[in-house]
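> Sequence isn't available, so here's the structure alone:
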């Protein structure tokens, strides 16, 4: 039985078992591969997407429980905060291998959308669920702050 | 050896690369160089020239649309090869950075071998070091052909032509882009000698703000192996033996095959593979397998029992890896003798992208998609497993989501596993093997477990007069083609970093007791230095304490003739403010180590809390890696290398119980996260020495720096990793 999902503003029908995690529906059924598989137990954050604007781990979210909630993946990231985060990532050359960075960017964007000027403790709390084995953490921290500043400058 | 012709002389002399660099650094001038590029003499081509394009050599291709494609023979897995190697070629071409595109090279030993090894592969932090002259030649050669084409077109002498930012110009006012000249340049002959720039004229090398060339990593468009999608492709998961050394006795796939999407179940030497239309269906199929394992040859030992076995082996004499002076006499003359044992657990690479690979076998041969750290090794592994010629195995090297040595497997393990599944399944269908995180953590390969025994004697002035170091552990090189590198029973990678101390000690010996285990082992970011830097540098602080000296003063008093150690130590001491007193609630430690030709010194500063815990708050790092090609990538590698080394310093380990790995996922196999990461302040020594590696050398230095900070605080030396969360 096909299950309906609303991803990046578009309706999709996914013909998969109801227990299929959203991650695999996105990747294997809808061919959007920006969202990554890292652990399968919501422990590394590589699979982070937004569900109604909140960062969630798609690897443990069965497609049967989502209903008509809005899903945003890295491919559909279009908010002001999201664009500022991506630009800051590029400007500060955050990325190394890059595999975790879709998830990092989704978590960082959700943070900025909820908290326009996060401090170090806020960043620790919001991003400690996203592992980066290249340890780009120092640059991620700096880039979140940089993105926050670029948005506030534009607002002034 | 290369033939070098200095531009201001007519003598052609054959001198070593090192001598050349010293010489060129002294003269500070450009020079002409006889071409040595493999692609220049007999260009073979899987890089078939397209009409209108210039394929200048195996590394540079220029298309009429003005794109300059640099072929990158080293995998990009975060260490910056797509940017760094392109910088070097673009520099000699005088290309515009904006027109540069980087592309992964195919597997081709003749064209793309690592010049330090002879096979195509990335590791030992050699990408820049072995490619520096090669990429300069490649760029200079392409430039030569463009200039020759322009001279011919405009009927002017070549020496009246200048090139800047991708534009070829003549003083008369005519100019052309590289793209406009590409076709004409393709009719020019490849030069036999090229002129290389004087380093003072570099405009790209050493520049700090070059954009990266590994694109698509902030918008999800970069393609990793996990993202490969081919027509008809199926996904395979493998049930591996639950204990090392176990085998499949029998299995039932009845329940698995009844599930949605499960296409086939095949037995392979490493387990039972379930093949399905999607990952999730393959995983459910694997969960439904009923397997009866043969444990008759399975490992039964625990890592604790294994360490006990190492301690017993440590009482035996061992093989001599290095010896100088008269140790026995020196110990007799010592006024104080200090002894310490250090224990190191197994470590997992734990790349963010778990092991995976795509293989398709057709009548024409085999095609592989993989983030391979060792393309020709994987090519040979598959060829051997499938009984075919390596030339029939085409390897597509993709970005890898981390590797740290894991994707340069000495037995091409997961790559061969994929090929065998594809072969068993047949039907020319592309198979994507995916390891889950648990598979990745449980199956190996691992950095070996080690025991180090150190013993040193001090004289009445507090000078070390005797140093004996014994290392007990498995050999990384054994059980593979690399066993040929084991000389007289000594695997050099087991003792590297121990046999070449920064310190001048007259009586000095390193012994090795190689032991066996069924646990599969492999190199892990910075290899031998992961343990030798720790034991030697923590021991130095224990000796300094025994001599009643400051750790920095003690190190300075023992440094040998190599001034580069002193320079990084002095720089890190200055930048960390070591000579200023620390406020209460803080502690700091220092360590220095050279690996892969690069010198690194670090000071770790800890913040101590009231509950006996601590946080590594700040790390100051000084590095001398010769010519700094991309300073920002060097900084990034120091930051990342420190973070990577901090996991095993503080919390990561792989333990074994009854022949099985205890940890399984990131809940039990703990690694450094955002909240654990210190601030990192990197300082690069200005140098005209040949460039050396930056991917690994920061990693081994952080653990001893942190341990020494704990020792400074508590007076209790730390003899076992990981250090844990308490002071």
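That came in fine, so what should we check first? Bear in mind that the values here come from a model prediction, so they are computed numbers and not experimental data. Numbering: from 1, shown residues only, chains lettered A, B, ... in the order given.
> looking at the chain, which helix or strand does the model trust least?
I went with chain A, as the question did not name one. Scoring the helices and strands of chain A by mean pLDDT, DSSP states H and E places helix A:137-155 at the bottom, with a mean of 93.
> Oops, wrong one, chain B.
Going by mean pLDDT, DSSP H and E, chain B bottoms out at strand B:12-15, a mean of 29.
> Nearest the geometric middle of chain B, what residue?
residue B:123 (3.9 Å; Cα atoms, centre = their mean).
> That residue and residue B:373 touch, don't they?
Yes - at 6.2 Å, residue B:123 and residue B:373 qualify as touching, with contact defined as Cβ atoms under 8 Å. Heads up, the C-betas are built off the backbone N, CA and C, glycines and all.
> ok, and what's touching stretch A:50-59?
For stretch A:50-59, contacts defined as Cβ atoms under 8 Å, 6 or more residues apart in numbering or on different chains pick out A:21-23, A:26, A:35, A:37-42, A:45, A:47-49, A:61, A:66, A:69-73, A:106-107, A:109-111, A:113, A:126, A:129.
> Quick one: end-to-end distance for that stretch.
13 Å (Cα to Cα, to the nearest Å).
> how about it: buried residues?
Buried residues in stretch A:50-59, counting neighbours by 16 or more other Cβ atoms under 10 Å in any protein chain shown, are found at A:50-51, A:55-59.
> if I pick the residue lying farthest from the centre of chain B, what's in contact with it?
Distance from the C-alpha centroid of chain B peaks at residue B:172, with 49.4 Å (Cα atoms, centre = their mean). Residues counted as contacts of residue B:172 (Cβ under 8 Å, 6+ apart) are B:154, B:156.
> Distance from stretch B:372-380 to the middle of the chain?
From the chain centre to the centre of stretch B:372-380 is a distance of 15 Å (Cα atoms, centre = their mean, to the nearest Å).
> just stretch B:626-643 next, same as before
For stretch B:626-643, the separation from the chain centroid amounts to 13 Å (computed by Cα atoms, centre = their mean).
> How about it and chain A, touching?
Yes - under the criterion of Cβ under 8 Å from any Cβ of the partner chain, chain A is reached by stretch B:626-643 at B:632, B:636, B:639-643.
> ok, residues contacting stretch B:96-107?
Counting by Cβ under 8 Å, 6+ apart, B:46, B:58, B:66-73, B:75-76, B:82-83, B:85-86, B:90, B:111-112, B:120, B:165-167, B:178, B:204, B:210-211, B:213-214, B:372, B:375-376, B:378-379, B:393-398 sit against stretch B:96-107.
> Contacts for the helix or strand encompassing residue B:308, please.
Using DSSP states H and E, residue B:308 sits within helix B:303-314. Helix B:303-314 has contacts (Cβ under 8 Å, 6+ apart) with B:301, B:341, B:343, B:345-346, B:449-451, B:453, B:470, B:472-473, B:513, B:515, B:517, B:654-657.
> Next, residue B:511: secondary structure please.
Following DSSP: H, G, I helix; E, B strand; the rest coil, we place residue B:511 in the strand state.
> Quickly list what it is bridged to.
Assessed by DSSP bridges, residue B:511 has beta-bridge partners residue B:320, residue B:470.
> wait, what's in contact with it?
Residue B:511 neighbours (Cβ under 8 Å, 6+ apart): B:317-321, B:468-471.
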